[in-house]
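for reference, the sequence and a predicted model appear below.
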Amino acid sequence: KEEMESMERNYKIDNLKAILIFFVVLGHLLELFGGVHQKFLYLAIYSFHMPAFVYTTGYFAKRDPWHAFRHFLFPYAVYQTLYFCFRRLVLHKQIVLQYTTPYWLLWYLMACFFWLLLLPAFDSVRKENRLAVVGTALLVALLVGLDPTVGYAFSLSRTVVFFPSFLMGYYRLPEQISERLGPRITTLVSGMVAAGGLWFIAFQTNLLPEEAFYQTNSY
């Protein structure tokens with residue numbers, strides 16, 4: 001019975017993924033339109049949807065090197081090759097086949113591969129020290145933006161910047177915080193942070209270029 005209960009799906013995460021997929025589609029559709037309201041919605045979506053996706057990836061992550069190779073590195077190599085063939089044969093672009101810089105959305109597969117390889121180094125961290133580890137990872141993510149050499153190659157910039165979100169999901173950190181503070185206080189604080197972020201995006205739009213949320217370039 002206990003084994004069956006442990007195998008039950010977490011429908012909250014399923015619902016979260018469905019909502020995030022909707023926002024991904026909506027975000028890309030907004031690129032076809034202009035105007036102030038379009039930019040607000042676009043920036044609002046991009047401010048959270050990818051960190052949330054990375055969080056769900058960490059939530060279901062497995063400490064298994066073969067899983068990392070089979071589900072992320074191998075598909076990356078296959079689709080990277082297909083992208084090359086499409087651009088060369090269909091679009092007639094003069095490009096060179098390479099595997100160090102991902103095409104378009106394939107950065108996520110490469111980043112997931114690196115995150116899974118890093119898991120053994122972070123899996124043994126004690127529960128009481130995990131918040132400090134995530135905080136350190138967040139500090140590194142902020143500092144990496146100062147280095148102009150860290151960019152799209154090997155998906156390095158996004159791998160580092162989104163790694164705190166991956167760790168939060170792997171450690172189930174929001175659940176631990178909710179257990180300590182209580183669900184009401186956690187909801188209140190989260191709501192205040194979200195409201196503050198939306199206010200900043202709405203009234204300080206000029207300070208937030210769209211590229212700031214792509215996490216591929218230095219400051």
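Here it is on my side, so go on.

just checking, next helix/strand downstream of the least confident helix or strand in the chain by mean pLDDT?
Ranking every helix and strand in the chain by mean pLDDT, DSSP states H and E puts helix 2-6 at the bottom, with a mean of 42. Sequence order places helix 11-30 as the next helix or strand after helix 2-6, per DSSP states H and E.

list the buried ones in that following helix?
Within helix 11-30, the residues scored as buried using 16 or more other Cβ atoms under 10 Å are L16, L20, F23, V24, G27, L30. (C-beta placed from N, C-alpha, C; glycine too.)

what's the answer for stretch 31-43, then?
For stretch 31-43, burial by neighbour count (16+ other Cβ under 10 Å) applies to K39, F40, L41, Y42, L43.

quick one: contacts of the helix or strand hosting the fourth one?
I take that to be Y42. If you go by DSSP H and E, Y42 is part of helix 36-46. Helix 36-46 is contacted by residues 23, 26-27, 30-31, 198, 201-202, 205, 208, 210, 213-214 when judged by Cβ atoms under 8 Å, 6 or more residues apart in numbering.

compute the inter-axis angle for that helix and helix 11-30.
Interaxial angle, helix 36-46 versus helix 11-30 (axes from the mean of the first three to the mean of the last three Cα atoms, to 10 degrees): 140 degrees.

and the contacts of the following helix or strand past helix 36-46?
As assigned by DSSP H and E, the chain's next helix or strand after helix 36-46 is helix 49-59. The contact list for helix 49-59, computed with Cβ under 8 Å, 6+ apart, reads 13, 16-17, 20, 23-24, 27, 112, 115, 162, 165-172, 213, 215.

distance from the chain centre to helix 49-59, please.
On the basis of Cα atoms, centre = their mean, to the nearest Å, helix 49-59 sits 5 Å off its chain's mean C-alpha point.

and if you look at stretch 202-213?
So, by Cα atoms, centre = their mean, the centroid of stretch 202-213 is 19 Å from its chain's centroid.

could you give me the average pLDDT of it?
Stretch 202-213 carries an average pLDDT of 77.

end-to-end on that stretch?
One end of stretch 202-213 to the other measures 15 Å (Cα to Cα, to the nearest Å).

list the buried residues for that stretch?
Buried residues in stretch 202-213, counted by 16+ other Cβ under 10 Å: L208, F213.

same check, this time on stretch 118-127
For stretch 118-127, burial by neighbour count (16+ other Cβ under 10 Å) applies to L119, F122.

show me where pLDDT drops low in this structure?
Low-confidence segments of the chain (pLDDT under 70): 1-9, 205.

helix/strand/coil for Q215?
At Q215 the chain is in coil, as set by DSSP: H, G, I helix; E, B strand; the rest coil.

number of nearby residues for the residue nearest to it when sequence neighbours are not counted?
Distance criterion Cβ to Cβ, 6 or more residues apart in numbering; nearest residue to Q215, sequence neighbours excluded, is V161 at 4.4 Å. The number of residues packed near V161 is 24, by other Cβ atoms under 10 Å.
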